[in-house]
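Enquirer: Quick one: sequence and predicted model below, then my questions.
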Amino acid sequence: MLKSYIIVYDLLKPGANYNELYEAIRAYGTWGKITESCWIIVTTDSAPTIRDNLSRYLDLNDRIFVSRLSVPAAWKNTKADDSWVKKNLEAFGV
C-alpha cells in the first residue's frame, strides 16, 4: 500500500557533496521538496527501510528523521507546489 512519508535531515559536514542522497530520495518516484532539508515521498517502503536506504548517503554525524504523514496538515510557502502537497497528503496520508 502506498503511503506518504516526511524526510527531514541535518547535513553537518560543511562542503560535502550530498547529490547521491538527493538522487536516492528522487528515486522513490513521487517526491516533493518541502524546504531545504525536508521532503515528502510516496512509497510502499516502511519508515525504517527508508531511513536505512538514505543513511547510506549520510556522514556519521548527520541526522535523519522519517515518519509517516497523515492529514490534517498545514503549511505555507513550500518549495513543492501546494496542490502537489495537498494531493499527495490526501491520497496517501491516511
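Expert: Received it, and whenever you're ready, just let me know what you need. Fair warning: this is a prediction, and the values are worked out from it, not measured in the lab. Residues are numbered from 1 along each chain as shown.

Enquirer: Next, count neighbours for L58.
Expert: 20 (other C-beta atoms under 10 Å). For the C-beta atoms, the positions are set from N, CA and C on the backbone; glycine is no exception.

Enquirer: what's the next secondary structure element after the helix or strand that contains S4?
Expert: In the assignment (DSSP states H and E), S4 maps to strand 3-10. Tracing the chain C-terminally past strand 3-10 and defining elements by DSSP H and E, one meets helix 19-26 next.

Enquirer: pretty sure E90 belongs to a strand, no?
Expert: No - if the criterion is DSSP: H, G, I helix; E, B strand; the rest coil, then E90 is helix and not within a strand.

Enquirer: rewinding a little: just the CA trace of the strand holding S4, in CSV.
Expert: Written as CSV, here are the backbone C-alpha positions of strand 3-10 (Å, rounded to 0.1, in the frame of the first residue of the first chain):
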residue,chain,number,x,y,z
LYS,A,3,1.9,5.8,2.0
SER,A,4,3.3,9.4,2.3
TYR,A,5,6.4,10.0,4.4
ILE,A,6,8.2,13.0,5.6
ILE,A,7,12.0,13.0,5.5
VAL,A,8,13.9,15.6,7.5
TYR,A,9,17.7,15.8,7.9
ASP,A,10,20.6,17.9,9.1
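
Enquirer: What average pLDDT does that strand get?
Expert: Averaging pLDDT along strand 3-10 gives 95.

Enquirer: Alright, that wraps it up for me.
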